[in-house]
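Student: sequence? don't have it. structure:
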């Protein structure tokens, strides 16, 4: 069965998710709603109508004591979708999970599975509730978990519980207007590629919490070897610069970048962002300064992930709390850090 099928999607009414509705989540789910910033496998949408027709991106996390759902095969260097690219070879349990996901709509026709992917330690499901239901979304997720557990129990010849396979709770991400369905298809489909990249090229995805620069510690994520390159230049464009000076500096930075220099900057202003965009087109390497701390399960967004996978990006954080607004003093601190790095601190 094809794991992806957007053709003929029923029109889904976008409900007012600010409207109060019944919440049937246990304490661990409620706690996860209050977690700030970091990715969680138990996050739920606050005040969403879970009885309405909607599309959800659901993630079920494997219990840490359960056998793996599969393992990575293929080459991360090969573009996703091409022969030999990275994929997941499902274990016997993983195959059961996949089969039950595929057959779930036969038991519950109100549900349509748009796409799924079984990963070694979690499962992605792009699920559509076709009509308004008298049952909460929790009911359907628990029903799927129970079917998987029953099938696996029969295979093992002994009874096991749902929580022996999956962690308690789950993550759901409703498809609101600010999210792209095509983007979700791509994200789920390319999960094996991203995992393979992290496994096969770990040096490009290192994370350190105490990177000493000058007299202060910072967090960093990406290719730490970029710091060893002695040829680094800080990119900063002041509001006081005339157009001619901006063009001159930009030309100099791009020339250096094309010859292997590392560009270091928070890339805050539009002019600085333009420098970064053009430098990346020249296969330049970037050290990006950000102000907010990394979430516990931090993974770069798609564009930055791609740069990390090529060894072309290092992200360094000031470590300020998530949600901190950028102010002039913070911008000054980021630019000062960029300058210190460029000068070899």
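Tutor: Sure thing, it's come through. Source: prediction; values computed, not measured. Numbering: from 1, shown residues only.
Student: okay, CA-based contacts and neighbour counts for the rest of this
Tutor: Fine.
Student: which SS state does residue 194 fall under?
Tutor: Secondary structure state of residue 194, per DSSP: H, G, I helix; E, B strand; the rest coil, is helix.
Student: now do the nearest residue to residue 311 once chain neighbours are set aside against residue 339, distance only.
Tutor: Closest residue in space to residue 311, ignoring its immediate chain neighbours: residue 204 at 5.2 Å, by C-alpha to C-alpha, 6 or more residues apart in numbering. Computed as C-alpha to C-alpha, to the nearest Å, the residue 204 to residue 339 distance reads 23 Å.
Student: these two: which has the busier surroundings?
Tutor: Of the pair residue 204 and residue 339, residue 204 is the one with more neighbours under other C-alpha atoms under 10 Å, namely 25 against 19.
Student: for residue 316, phi and psi?
Tutor: Per-residue torsions, residue 316: phi -120, psi 130 (degrees, to the nearest 10).
Student: who does it bridge with?
Tutor: Beta-bridge pairing for residue 316 (DSSP bridges): residue 220, residue 289.
Student: residue 266 versus the residue nearest to residue 311, what's the distance?
Tutor: Applying C-alpha to C-alpha, the value for residue 204 to residue 266 is 20 Å.
Student: likewise residue 152?
Tutor: Between residue 152 and residue 266 the computed distance is 50 Å (C-alpha to C-alpha).
Student: residue 272 reaches residue 235, doesn't it?
Tutor: Yes - counting by C-alpha atoms under 8 Å, residue 235 is a contact partner of residue 272 at 7.0 Å.
Student: in terms of secondary structure, what does the lengthiest helix in the chain contact?
Tutor: Assignment by DSSP state H gives helix 137-156 as the longest helix of the chain. On a contact count with 3 or more C-alpha pairs under 8 Å, 6 or more residues apart in numbering; DSSP states H and E, helix 137-156 meets helix 92-107.
Student: helices or strands up against whichever helix or strand comes after the helix it packs on?
Tutor: Scanning forward in sequence from helix 92-107 by DSSP states H and E, the next helix or strand is strand 111-118. Counting contacts by 3+ C-alpha pairs under 8 Å, 6+ apart, strand 111-118 packs against helix 92-107, strand 122-129, helix 181-189.
Student: now distance to residue 53 and mean pLDDT too, for the ones you listed, in CSV please.
Tutor: Output for the helices and strands packed on strand 111-118, formatted as CSV (distance: least, C-alpha to C-alpha, whole Å; pLDDT from 0 to 100):
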stretch, distance to residue 53, mean pLDDT
helix 92-107, 15, 97
strand 122-129, 5, 96
helix 181-189, 15, 88
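Student: now for these, which one comes closest to residue 300?
Tutor: Between residue 300 and the helices and strands packed on strand 111-118, the shortest separation by C-alpha to C-alpha is 12.5 Å, and it involves helix 181-189.
Student: give the contact list for residue 226.
Tutor: Listed by C-alpha atoms under 8 Å, 6 or more residues apart in numbering, the contact partners of residue 226 are 262, 285, 287, 312, 313, 314.
Student: can you tell me the centre-most residue of this protein?
Tutor: residue 299 (5.2 Å; C-alpha atoms, centre = their mean).
Student: so residue 272 and residue 235 - more neighbours on which side?
Tutor: Higher neighbour count among residue 272 and residue 235: residue 235, with 21 against 18, using other C-alpha under 10 Å.
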